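S.K.: Mind looking at a prediction? Sequence and model below.
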Amino acid sequence: MALVIAGERSGVGKTTVTLTLLTSLRRRDRLVQSFKVGPDYIDPMFHQHVTGLACRNLDPVLTSETYIQQCFTRHSQLSEYALVEGVMGLFDGVSSLVTNHLSFVKNKGQMTNDKGQITDFASTAHIARLLDLPVVLVIDCSRLSGSVAAIAHGYRSFDPRIKIAGVVLNRVGSDRHLSLLKDSLEPLQLPILGVLRRQDNITIPDRHLGLVPTAELPELNALIDRLADLGDTCFDWQRLLPLLESKPLASPPSSPPSSSSPVKIAVARDRAFNFYYQDNLDLLQQLGAELLFWSPLEDADIPKDIQGMYFGGGFPEVFAQQLAENTSARDAVKTAILKGIPTIAECGGLMYLCEQIVDFEGKSWPMAGVLPTSAVMGGRLTLGYRRAVALQDNLLVNTGTTVYGHEFHRSHLTSTPTQSLFATSRYDCDENMGYEGWGLPANVHASYVHLHWGESVEIPQQFLKECLKVASLKAEIMGSEMSADLTLC
């Protein structure tokens, strides 16, 4: 068993409630595995900071229903407790256009209405049904009293397949306010599992793409302590703990054997680049890669003797000046790529490979200069799932392969390539926006689209295959040099 934390809409405090639960469990020295519905990177960072375990994303658009069930089972069974943080409102999913296409192409299941359309695909409710988990509904009570019962009743009765285990009342103003809320909810006989008062000293700062990541919050541990103090008193732990318990395995599953000569991949990870799905990194390691983490902000050079590079997303625009000033790192990256090192660059990584980044104030900062374009920050948010079909063989997939990804950025490129890497169908955004991907140089895959490889192991396999070619070429060159030296002797 585990528990899903859902909201009646966005902004009601799901993340605060989730972190409060996680911090309280960790204070009790409980091992807890967390999950996050959707493609988000930042909320999982907070989960991991608290639990010490990598949070796992559950997204049926990027992966599949089967993968979600397997992922949840595999990781939840290794911990005493498991907790899933939802996305947006409980029943908020992707559009019918996306769900109809995915249902046809990927055989996503039978959750349909009378017209044969999936109604809440990729929503928190969808995940709760897939995993057969009870839901705790978080309600923002700051502007409610008696109406709270109508909201709770509506959510409980909307889909009989969803089991609402109880509610958490957030942003309660006073004892009198709480009394009105309780009186209203009493006829429903719906358990109140937690009450969080309005908190002025518990605020997680945000900016243009959501919460500020954990690595940029020097006061985070103090905030975590305040959340733990709050969690000790605001929840009905007698009711919650049985719902959160999972069934640990007798022993963890064994990992696939690694290669005796692993492929060395330089992975950029610091405050500027930290958007990675842990499942992607795990897959690379399981397939024989040695991940060498480095910082384009702090390190003067890339790791030695690498056969590949991986730049995730993040906030290079926030640290553009520091990235620009680290000229030795920028030069090393460009030199490695020009020498043929296979390189993946997603979103923020794409921006780093451009000639420059133009920040929100209009200041230009030189970057690696691999791609003949500039990334310019703007007010427009590009957001949504993407379906892409490869027009040609490339670093990750072969011609005709369909991939599903996600975009989330406020920058655009000043120019696009003459031949895009993918032909795409766009959803939930302006259809006239063209896909901004680059197919050249051939050893680079740079795109605004984030990919989750969990259901597509052939993607990291193909990437590592290209990296092995580099290793083989180096071995041949070294062998030729040694033969020449012996001849001279």
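M.R.: Looks like it arrived, so ask away.
S.K.: Would you state the helices of the stretch 151-300 of the chain in chain order?
M.R.: The residue ranges that make up the helices of the stretch 151-300 of the chain, judged by DSSP state H, counting those that start in this stretch, are 175-185, 220-234, 237-244, 278-286.
S.K.: so can I have a markdown table of those helices showing distance to Ala345?
M.R.: To be clear about C-beta, it is placed using only N, CA and C from the backbone, and glycine gets the same treatment. Formatted as a markdown table, the helices of the stretch 151-300 of the chain follow (distance: least, C-beta to C-beta, whole Å):
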| stretch | distance to Ala345 |
| --- | --- |
| helix 175-185 | 49 |
| helix 220-234 | 28 |
| helix 237-244 | 39 |
| helix 278-286 | 14 |
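S.K.: Comparing these, which comes out most buried?
M.R.: Counting by mean count of other C-beta atoms under 10 Å, helix 278-286 has the highest mean neighbour count of the helices of the stretch 151-300 of the chain, with a mean of 19.
S.K.: which secondary structure elements does that one contact?
M.R.: Contacts defined by 3 or more C-beta pairs under 8 Å, 6 or more residues apart in numbering; DSSP states H and E place helix 278-286 against strand 56-58, strand 289-294, helix 458-488.
S.K.: how many neighbours does Gly146 have?
M.R.: 11 (other C-beta atoms under 10 Å).
S.K.: Then it would be within a helix, right?
M.R.: No - judged by DSSP: H, G, I helix; E, B strand; the rest coil, Gly146 forms no part of a helix; its state is coil.
S.K.: Contacts only, for it.
M.R.: The contact partners of Gly146, taken as C-beta atoms under 8 Å, 6 or more residues apart in numbering, are Leu180, Asp183, Ser184.
S.K.: if you set the cut-off to 7 Å instead, what comes out?
M.R.: Contacts for Gly146 (C-beta atoms under 7 Å, 6 or more residues apart in numbering) come out as Leu180, Ser184.
S.K.: mind starting the numbering at 494 from now?
M.R.: Done: numbering now begins at 494, and the last item shifts to Gly639.
S.K.: Please work out how many residues are found near Asp699.
M.R.: Neighbours of Asp699 (other C-beta under 10 Å): 10.
S.K.: The residue nearest to it when sequence neighbours are not counted: neighbour count?
M.R.: Spatially, and ignoring its direct neighbours in sequence, Asp699 is nearest to Val705 (6.3 Å; C-beta to C-beta, 6 or more residues apart in numbering). Residues near Val705, counting by other C-beta under 10 Å, number 16.
S.K.: Show the model's pLDDT score for Val705.
M.R.: Listed pLDDT for Val705 reads 90.
S.K.: one step back: redo the helices of the stretch 644-793 of the chain as TSV? Include mean pLDDT and distance to Ser821.
M.R.: TSV is the format used below for these (pLDDT from 0 to 100; distance: least, C-beta to C-beta, whole Å):
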stretch	mean pLDDT	distance to Ser821
helix 668-678	97	59
helix 713-727	93	31
helix 730-737	94	49
helix 771-779	97	26
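S.K.: among those, which is nearest Thr836?
M.R.: For Thr836, the closest of those is helix 771-779, at 13.8 Å, according to C-beta to C-beta.
S.K.: Quick one: distance of the closest one to the chain centre.
M.R.: Taking C-alpha atoms, centre = their mean, to the nearest Å, one finds the center of helix 771-779 at 14 Å from the center of the full chain.
S.K.: now stretch 830-844
M.R.: 20 Å.
S.K.: Stretch 777-793 too?
M.R.: When distances are taken as C-alpha atoms, centre = their mean, stretch 777-793 is centred 18 Å away from the chain's centroid.
S.K.: Can you point out the buried residues in that stretch?
M.R.: Across stretch 777-793, burial judged by 16 or more other C-beta atoms under 10 Å covers Leu777, Gln778, Leu780, Gly781, Ala782, Glu783, Leu784, Leu785, Trp787, Pro789, Leu790, Asp792.
S.K.: My guess is the fourth one contacts Ser754. True?
M.R.: Spelled out, that is Gly781. No - checked against C-beta atoms under 7 Å, the pair Gly781 and Ser754 is beyond contact range at 8.4 Å.
S.K.: Paired strands for the longest strand along the chain, with orientation please.
M.R.: If you go by DSSP state E, the chain has its longest strand at strand 864-883. Neighbouring strands of strand 864-883 in its sheet, by DSSP bridges, are strand 847-851 (parallel), strand 895-906 (antiparallel), strand 915-919 (antiparallel).
S.K.: Could I get the contacting residues of Asn825?
M.R.: Just so we're on the same page, residue 825 is Ala rather than Asn. Listed by C-beta under 7 Å, 6+ apart, the contact set of Ala825 reads Asp794, Ile795.
S.K.: With Cys960 instead?
M.R.: Taking C-beta under 7 Å, 6+ apart as the test, what Cys960 contacts is Val756, Ile758, Gln800, Gly801, Pro835.
S.K.: any idea of the angle the helix or strand where Ala643 lies forms with helix 668-678?
M.R.: Secondary structure assigned from DSSP states H and E places Ala643 in helix 641-651. Inter-element angle recorded for helix 641-651 and helix 668-678: 40 degrees (by axes from the mean of the first three to the mean of the last three C-alpha atoms, to 10 degrees).
S.K.: Just the mean pLDDT for helix 641-651, thanks.
M.R.: Helix 641-651 comes out with an average pLDDT of 97.
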